[in-house]
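> 3D, please:
(chains A and B)
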Amino acid sequence: MKRLSVILSAVLVALGLALPAAASEDAVETRKALMGAVGAAAKPAGAMLKGSMPYNPAVAKASIATMHAAAMAFGDYFPEGTSAEAMDGTTAHPAIWEDRAGFEEQIAAFAEDTAAGLEAAGKNGPADLDAFKAAMGPIFKNCKACHEDWRVEN
Amino acid sequence: MRVRRPGAARSVALIAVAAGLVGAAAFWGLTAPARLDPARVAALPAGDPAAGERLFWAGGCAACHAAEDAEGEALRRLGGGLELETPFGTFVAPNISPHETDGIGGWSRADFANAMLRGVSPDGRHYYPAFPYSSYIRMRGEDVVDLFAFLKTLPAVAGETADHDLAFPYSIRRGLGLWKRLYLDDAPAVALPDADAQVRAGQYLVEGPGHCGACHTPRDAFGGPDTARWLAGAPSPEGPGTVPNLTPGGDLADWSVEDIAYYLESGFTPSYDSVGGSMVAVQENMARLPAEDRAAIAAYLKALPARPDGTGDGAGGDGG
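Alright, predicted model coming up:
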């Protein structure tokens, strides 16, 4: 009986240690996938704004919608112990956990700006390049604002 | 059996004192702050504030001397106070606004030129190289007086800043004379024998006023730049993370000259990742330069000898 409880507690300790570690890795993978989608959406948006790709309203709307979906979910994948200081393979700044409210505020601003952009895009996407510029400009400012304070130097 | 002569101990003590004095004299001589030849300063033209503004943005003076997170007009208020945490201790950026007593309002052109080009203060002391005069030494004298003329047009900000808080022996300012002997050099950081005029213009901006090497070149144990790995990237000076390799041996290998110039203008990489960290302020300064300056910087970076990443042990990964 005593031996069984020792084994059980050993198993529990092992699980207790293993589970959060696996969950942390999943969280990092998930937030990286979300940010990867934002980057992939930014590429055609940037190319159209720069003039290196012809303007297409459906692509413009897809860019904004992708960013909005990511903005709604991104903040949920930063559990304790997943900063660049605590583990490899992430560029999440320790400041996220020192000033969680500030970080949440930044992500909320991203979600708000993408929501406004999506509304401006309407059913078929922004009518022309100028309309897209007006919708996308405030969204693009979020990239830099967030990466300035919440991502480590890379 | 040893025979002890009377007075031997006293001779030894005298020799030790004499050696100490010679050492102290040598230290004093080797560490003396060296000023510019006054004739060189006198020969400089009157400064042009409009031309100086370009150097103000190229040098990013506001990044350290304006208030933290300053934007817009606040970037022109250079009251100092920003703290720079380093392995040597905490440096505090001084007030360089034209305030008569708290800033540099009472300085002469020679005072400013000696600060920028020799790292020597008006009262003849060494500045710590947190103030990147080891890059500014490569600046043209005319550009230095233009910058001084521009700084004079900015608002005077009252308030003296705190002193640096450094660990021994770095707290001994005079010792910087030795550091300067090792590292202060107005020669180009890299030899580029085939460089055209555009590459040379970029070299001047990057190695001189831009002081890009201050973060992008790894440092040795005494905080001097490891010029064999010029701009090859370095561990982040502020916590985890890395400062990227700018030579064609790193991630910039795949970037075109246009890509680099566009990044400096817009803050977007070719894959539309954005600029981050302390580079945000630098990029926003670079965006205020004429387009030909950004193109020149890009041409210079592409002309650099390729070096492997000097980033050491930092955080890996990308995106999130």
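> tell me, how many neighbours does the residue lying closest to B:T217 once chain neighbours are set aside end up with?
Leaving aside its chain neighbours, B:T217 sits nearest to B:P225 (4.5 Å; criterion: CB to CB, 6 or more residues apart in numbering or on different chains). For glycine as for every other residue, the C-beta is placed from the backbone atoms N, C-alpha and C. Neighbours of B:P225 under the rule other CB atoms under 10 Å in any protein chain shown: 22.
> quick one: average confidence on stretch A:41-59?
Averaged across stretch A:41-59, the pLDDT comes to 96.
> re the thing from before, beta partners for the residue nearest to B:T217?
For B:P225, the beta-bridge partners under DSSP bridges are B:R219.
> what residues are up against it?
B:134, B:183, B:189, B:213, B:217-219 (CB atoms under 8 Å, 6 or more residues apart in numbering or on different chains).
> Out of those, which end up buried?
Taking 16 or more other CB atoms under 10 Å in any protein chain shown as the criterion, what is buried in the contacts of B:P225 is B:134, B:183, B:189, B:213, B:217-219.
> So which of the residues you listed are in helices?
Secondary structure from DSSP state H places B:134, B:183, B:213 of the buried ones among the contacts of B:P225 in helices.
> Please look at A:I139 and A:T114 and confirm they touch.
Yes. The pair A:I139 and A:T114 qualifies as a contact (CB atoms under 8 Å) at a distance of 5.6 Å.
> how about A:W150, what does it touch?
Listed by CB under 8 Å, 6+ apart, the contact set of A:W150 reads A:92-93, A:95-96, A:103, A:106.
> wait, I meant A:W97
Counting by CB under 8 Å, 6+ apart, A:W97 touches A:78, A:80, A:83.
> Can you tell me, leaving aside adjacent residues, what's nearest to A:M72?
A:A111 (5.7 Å).
> Might you report the residue contacts of the one you found?
A:A111 sits next to A:68, A:71-72 when contact means CB under 8 Å, 6+ apart.
> Going by distance to chain B, which of these wins?
A:A71 (12.9 Å; CB to the nearest CB).
> Count the residues that sit near the closest one.
A:A71 has 22 neighbours, counted by other CB under 10 Å.
> How about the secondary structure of it?
Taken by DSSP: H, G, I helix; E, B strand; the rest coil, the conformation at A:A71 corresponds to helix.
> tell me the contacts of the nearest residue to B:G119 once chain neighbours are set aside?
Nearest residue to B:G119, sequence neighbours excluded (CB to CB, 6+ apart): B:Y133, at 3.9 Å. For B:Y133, the contact set (CB under 8 Å, 6+ apart) comprises B:115-119, B:127, B:184.
> Show the residue spans covered by the helices in the stretch 201-320 of chain B.
Assigned by DSSP state H, counting those that start in this stretch, the helices in the stretch 201-320 of chain B fall at B:213-216, B:257-266, B:279-286, B:291-303.
> Chain A: which of those helices is closest?
The minimum distance between chain A and the helices of the stretch 201-320 of chain B falls on helix B:279-286, with 4.2 Å, by CB to the nearest CB.
> ok, and what's touching that closest one?
In contact with helix B:279-286 (CB under 8 Å, 6+ apart) are residues A:144, A:147-148, A:153, B:57-58, B:60, B:62-63, B:263-265, B:267, B:275, B:293-294, B:297.
> ok, now stretch B:296-303?
Residues outside stretch B:296-303 that contact it (CB under 8 Å, 6+ apart): B:192, B:194-196, B:198-199, B:201-203, B:205-206, B:210, B:231, B:246-248, B:252, B:257-261, B:264, B:286.
> Please state the mean pLDDT value computed over that stretch.
Here the average pLDDT along stretch B:296-303 is 98.
> Now do the buried residues in stretch A:114-132.
A:114, A:117-118, A:120-121, A:125-126, A:129, A:131-132.
> The residue nearest in space to the middle of chain B and B:F91, how far apart?
Nearest residue to the geometric centre of chain B (CA atoms, centre = their mean): B:P132, 1.6 Å. Look at B:P132 and B:F91: by CB to CB, to the nearest Å, they are 12 Å apart.
> what do you get for A:A37?
Taken as CB to CB, the span from A:A37 to B:F91 is 41 Å.
> Now for chain B, the helix or strand with the poorest mean pLDDT.
Ranked by mean pLDDT, DSSP states H and E, the weakest helix or strand in chain B is helix B:8-30, scoring a mean of 82.
> Next secondary structure element downstream of that helix?
helix B:38-42 (DSSP states H and E).
> What is that following helix packed up against?
With contacts defined as 3 or more CB pairs under 8 Å, 6 or more residues apart in numbering or on different chains; DSSP states H and E, helix B:38-42 has these neighbours: helix B:109-118.
> Would you mind pulling the contact partners of the helix it packs on?
Helix B:109-118 is contacted by residues B:33-36, B:38, B:41, B:44, B:47, B:104, B:107, B:120-122, B:127, B:131, B:133, B:136-137, B:139, B:141, B:144-145, B:147-148, B:151, B:184 when judged by CB under 8 Å, 6+ apart.
> about what we covered before: looking at the ones in helices among the buried ones among the contacts of B:P225, which is nearest B:A158?
Of all those, B:A158 sits closest to B:S134, with 30.4 Å by CB to CB.
> do you know how far the closest one is from B:A232?
Counting by CB to CB - B:S134 and B:A232 are separated by 17 Å.
> Can you tell me which residues in chain A are near chain B?
Applying CB under 8 Å from any CB of the partner chain, one finds that chain A approaches chain B through A:28, A:31-32, A:34-36, A:39, A:42-43, A:45-46, A:50, A:74, A:77, A:83-85, A:88-94, A:140, A:143-144, A:147-148, A:151-154.
> switch the cut-off to 6 Å
A:31-32, A:35-36, A:39, A:42-43, A:46, A:84-85, A:88-91, A:143-144, A:147-148, A:151-154 (CB under 6 Å from any CB of the partner chain).
> State the helix or strand in which residue 144 lies.
This is for chain A. helix A:129-150.
> Oops, wrong one, chain B.
Element membership for B:V144, per DSSP H and E: helix B:141-151.
> buried stuff in that helix?
Quick answer for helix B:141-151 (16+ other CB under 10 Å): B:141, B:143-151.
> what number of residues lie near B:P87?
Residues within reach of B:P87, counting by other CB under 10 Å, total 10.
> repeat for A:S24
A:S24 is flanked by 18 other residues according to other CB under 10 Å.
> before we move on, what SS does it have?
Per three-state DSSP, A:S24 ends up helix.
> What's the separation between it and chain B?
Distance, A:S24 to chain B, using CB to the nearest CB, to the nearest Å: 13 Å.
> follow-up on the earlier one: tabulate the buried residues of stretch A:114-132 (CSV), appending pLDDT.
Listed next are the buried residues of stretch A:114-132 as CSV, based on pLDDT from 0 to 100:
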residue, pLDDT
A:T114, 98
A:G117, 97
A:L118, 97
A:A120, 96
A:A121, 96
A:G125, 97
A:P126, 97
A:L129, 97
A:A131, 97
A:F132, 98
